[in-house]
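Enquirer: sequence unknown, structure follows:
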């Protein structure tokens, strides 16, 4: 492709964007909540936003009712997001993330968004109040426009919607999450996500290292057990 490659988001990028956004603005608050949730869910921006504010359909677009908070058998919290409809999956798919420490905490950002404007169960998950036209679902174009304006004004890398999915993938891989778990989190049917391994040396470095102890330690965390 002749298009310039989009840079991946990382936690530092999210933190910087948070510092540049106006947290008194409901629109900026909902945009940050969306960015954080999509990043940690290894999702697609289009799954969590609306293509057109005039065509919101609660049977096809994510609503507040599609978010469920659970705890596992060890009491660890996890939040499930149900994407109700996709071209490749008419019955939808589930994705998830957990509360985290720090300003990029996706669940904390989501709660802050709800505190600014409580929403009903059938409202779009990222509904926000426009100053003149009232409540409207967050559109993908609005998110991209805001990211682009910040990137241009502050000399940030070329960030696009797909930067979130790339960044989320790299974040978990670099944290030592096994490849098969990241594949499941990103809901890939094939191995297309492995393109990120070839493009980012830090993930492959331990495999190329001639230090056996380092390789053994890294492999224990990144390779699934053979049953």
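Expert: Looks like it came in fine. For clarity, every value in this text was computed on a predicted model and none was experimentally measured.
Enquirer: any low-confidence regions in this protein?
Expert: 1-5, 193-227 (pLDDT under 70).
Enquirer: go again using 50 as the cut-off
Expert: Counting by pLDDT under 50, the ranges of the chain that qualify are 1, 214-215, 217-218, 221-224, 226-227.
Enquirer: show me the biggest strand of it in terms of residues.
Expert: strand 77-83 (DSSP state E).
Enquirer: for it, which positions count as buried?
Expert: Residues of strand 77-83 classed as buried by neighbour count (16 or more other Cβ atoms under 10 Å): 79, 81, 82, 83. Bear in mind the C-beta positions are built from the backbone N, C-alpha and C, glycine included.
Enquirer: Just the closest of the residues you listed to residue 37, please.
Expert: Set against residue 37, the nearest of the buried residues of strand 77-83 by Cβ to Cβ is residue 81 (7.1 Å).
Enquirer: Pull the contacting residues for that closest one.
Expert: Counting by Cβ atoms under 8 Å, 6 or more residues apart in numbering, residue 81 makes contact with 37, 41, 43, 48, 62, 66, 67, 94, 95, 96, 97, 125.
Enquirer: same thing but 7 Å
Expert: 41, 62, 66, 67, 94, 95, 96 (Cβ atoms under 7 Å, 6 or more residues apart in numbering).
Enquirer: Show me where this protein has its strands.
Expert: Using DSSP E, strands in the chain cover 67-71, 77-83, 93-97, 127-130, 134-137.
Enquirer: Nearest to residue 150, out of the ones you listed?
Expert: Of the strands of the chain, nearest to residue 150 by Cβ to Cβ is strand 127-130, at 17.4 Å.
Enquirer: thought residue 113 was touching residue 32?
Expert: No. Using Cβ atoms under 7 Å, residue 113 makes no contact with residue 32, being 8.1 Å away.
Enquirer: thinking again about what came up before, in CSV, list the buried residues of strand 77-83 along with distance to residue 25.
Expert: What follows is these, written out as CSV (distance: Cβ to Cβ, whole Å):
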residue, distance to residue 25
79, 24
81, 24
82, 28
83, 27
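Enquirer: Show me which of the residues you listed is closest to residue 144.
Expert: The closest of the buried residues of strand 77-83 to residue 144 turns out to be residue 83 (Cβ to Cβ; 19.2 Å).
Enquirer: can you tell me how far that closest one sits from residue 91?
Expert: 10 Å (Cβ to Cβ, to the nearest Å).
Enquirer: Please apply the same query to residue 98.
Expert: 25 Å.
Enquirer: cool, residue 153 as well?
Expert: Taken as Cβ to Cβ, the span from residue 153 to residue 91 is 42 Å.
Enquirer: now do residue 99
Expert: The value you get for residue 99 to residue 91, if Cβ to Cβ is used, is 28 Å.
Enquirer: Which of these two has more residues huddled nearby?
Expert: Using other Cβ atoms under 10 Å as the criterion, residue 99 and residue 91 rank with residue 99 on top: 16 against 8.
Enquirer: Name the nearest residue to the more buried one, ignoring sequence neighbours.
Expert: Of all residues not flanking residue 99 in the chain, residue 107 sits nearest, at 4.3 Å (Cβ to Cβ, 6 or more residues apart in numbering).
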